[in-house]
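**Student:** fold the following for me, if possible:
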Amino acid sequence: MNEIKRLTMPFDRSELARLRAGDGVLLDGTMLVFRDAGHKRLFESIKNGKPDFPYEGETVYFMGPCPPIGDQVIGSCGPTTSCRMDKYTPYMFDHGLAAQIGKGKRSPECIEAMVRNGGVYFAAIGGAGALYSGTVTAAETVCYEDLGTEAVRQITVKDFPAIVAVDCAGNCIYND
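**Tutor:** Numbers count the residues shown, from 1 in each chain. Model (predicted):
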């Protein structure tokens, strides 16, 4: 088993270049959180020439959180299926996105965009939303508050576990 690598977001691109598909990581720092409806709205704002918020150099986690309970910062926050965002992914990597986190396979077009831009896709563990909520130390809404759980948020995490699913060279854990 490979050593678990500790990484801090936002990433230094040279750090991402050293990762290999299958590496285990613990992530610290800030990431953006949104999924289908947030991606659609952001993409529309980009096409109109004025992105609603900056995403260059960021990591996007495909997730819509549950409401917090008690003293939780955020409720259960497990990953959603990434392929639903594949139509937006190449453009976002081509315009500065550093990494994505979700679950499941990615299209060849997404992998090609990651290779072109030195990006990485991390797999989070489906069904582990309660575990992930315990890694979140802060959360705030960035925009699209009207979308409820699909609003864009920025979360701060400590010891967020993931696996490098697609590395900068295009190696993928989902290939046979």
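**Student:** buried sites along the lengthiest helix in the chain?
**Tutor:** With secondary structure taken from DSSP state H, the chain has its longest helix at helix 36-47. Of all the residues in helix 36-47, those buried under the rule 16 or more other C-beta atoms under 10 Å are 36-43, 46. In this view, the C-beta of every residue, glycine as well, is placed from N, C-alpha and C.
**Student:** do stretch 142-150 as well
**Tutor:** Buried positions in stretch 142-150, judged by neighbour count with 16+ other C-beta under 10 Å: 142-144, 147, 149-150.
**Student:** so which of those residues are in strands?
**Tutor:** In strands, defined here by DSSP state E, the members of these are 142-143.
**Student:** ok, back up a step: redo the buried residues of helix 36-47 as JSON lines? Include distance to residue 155.
**Tutor:** Below are the buried residues of helix 36-47 laid out as JSON lines (distance: C-beta to C-beta, whole Å):
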{"residue": "36", "distance to residue 155": "18"}
{"residue": "37", "distance to residue 155": "18"}
{"residue": "38", "distance to residue 155": "14"}
{"residue": "39", "distance to residue 155": "17"}
{"residue": "40", "distance to residue 155": "21"}
{"residue": "41", "distance to residue 155": "19"}
{"residue": "42", "distance to residue 155": "17"}
{"residue": "43", "distance to residue 155": "21"}
{"residue": "46", "distance to residue 155": "22"}
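**Student:** fine by me, thanks again.
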